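**Student:** pasting a predicted model and its sequence here:
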Amino acid sequence: MPAGGMQTDTLAAEVPVALVFNGISHAVMLATPRDLEAFALGFALSEGILDTVDQCFGLEVLPVQLDGCAALEVQLDIAAPCFARLKAQRRSLAGRTGCGVCGLDSLQALDLVPPPLRPQPWVQAMDTDTVLRAVQAMVPLQLLNATCGSLHAAAWATPDGEVTLLMEDVGRHNALDKLLGALARTGQIRQPGWVLMSSRASHELVRKCVRLQVPLLATISAPTDLAVAMAQRAGLQLWGLCRAPHAVRYTP
C-alpha cells in the first residue's frame, strides 16, 4: 500500500490497434492488447471482409509508435477477391469501444437486413435455466475483469449451457470479434453453440453473430429495439437481462 494509506488500482490496457489488409490500413480500433490474432480474424469474418478462415494466408502483430505512444498493427494477407471487395466497400472505420458504425459512408452500409439463419432444433429448446447456468459459469472465467472491473466478456456456450471459451476486451464488439476469430480458427464455430455477453445487445453484435451463423445471442443487459428487430428478421434467438433468477427472451 502506498504512503498515506492510498490503495493501488489496476487499470485495463487500451491501445490503438490498426487492422491492415494487404498493406492497406482499413480500421483503427481501441482494444485490449491480447488475443489480437483472433481479434483481427474475427473482425474480418464478422464484417464480411472474409468469407472463410482459409482466405487469410498470413497474420502478424507488430508494434508501432504513434506520436510517442505505443500502438499495434495487425497485418493480414488475404485473398485477392476479398481484397477487391474490401476496396469496393469504400469504408474507413475509426473504431471506438462504444460505437460500431463510426466512419460509414452511407446508410446502406449499415447492413440492417442480414441473410436469414438456418433453423436449428436445439435453439427452440433453449430455456431460462440453461441461459442462467451459462451466465453463472461465465463470471469466474472473467480473470482480467476481476483485476480491473472494466472489461467486457464474450463467451461460447454449448446447447446445454457449458461455457467452453471466453474472451475479454474493453470494447464489447472487440470481445465478440476475439471470440468469433478464436472459434473460427479451431473450427468450433461449426459446432452447435451460442454466444453470451456481459454487455447490452446492440444491432452490431446481432449482425456479427448472424454473419457467422451463430443462432442465439444472450446478454446480461437489455437489447436495443434495433437489435431486436434485426434478430427477428434474421431468425436469431435473442435473450437479454440475463440476471438470475430471470432472463427475457425477445425473439422466437
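**Tutor:** Done, it's in. Numbering: from 1, shown residues only.

**Student:** tell me how far the helix ranked longest in the chain lies from the chain's centre.
**Tutor:** Counting residues, the longest helix found in the chain (DSSP state H) is helix 172-186. Distance, stretch centre to chain centre, for helix 172-186: 6 Å (C-alpha atoms, centre = their mean, to the nearest Å).

**Student:** after it, which helix or strand is next?
**Tutor:** Per DSSP states H and E, helix 172-186 leads on to strand 194-197 as the next helix or strand towards the C-terminus.

**Student:** name the SS class of Ala218, please.
**Tutor:** With DSSP: H, G, I helix; E, B strand; the rest coil as the basis, Ala218 sits in strand.

**Student:** quick check: bridge partners of it?
**Tutor:** Taking DSSP bridges as the rule, Ala218 bridges to Leu196, Trp239.

**Student:** counting by contacts, list what the longest helix of the chain packs against.
**Tutor:** Contacts defined by 3 or more C-beta pairs under 8 Å, 6 or more residues apart in numbering; DSSP states H and E place helix 172-186 against helix 36-46, strand 152-157, strand 163-169, strand 194-197, helix 203-211. C-beta: built from backbone N, CA, C; applies to glycine.

**Student:** make a markdown table from those and add mean pLDDT to it.
**Tutor:** Listed next are the helices and strands packed on helix 172-186 as a markdown table, based on pLDDT from 0 to 100:
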| stretch | mean pLDDT |
| --- | --- |
| helix 36-46 | 98 |
| strand 152-157 | 97 |
| strand 163-169 | 98 |
| strand 194-197 | 98 |
| helix 203-211 | 96 |
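
**Student:** could you dump the ones you listed to TSV with distance to Asp9 and mean neighbour count?
**Tutor:** Below are these laid out as TSV (distance: least, C-beta to C-beta, whole Å; neighbours: other C-beta atoms under 10 Å):
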stretch	distance to Asp9	mean neighbour count
helix 36-46	25	26
strand 152-157	19	26
strand 163-169	18	23
strand 194-197	25	25
helix 203-211	29	24
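
**Student:** using CSV, lay out the ones you listed together with distance to Thr128.
**Tutor:** Below are these laid out as CSV (distance: least, C-beta to C-beta, whole Å):
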stretch, distance to Thr128
helix 36-46, 27
strand 152-157, 14
strand 163-169, 17
strand 194-197, 13
helix 203-211, 20
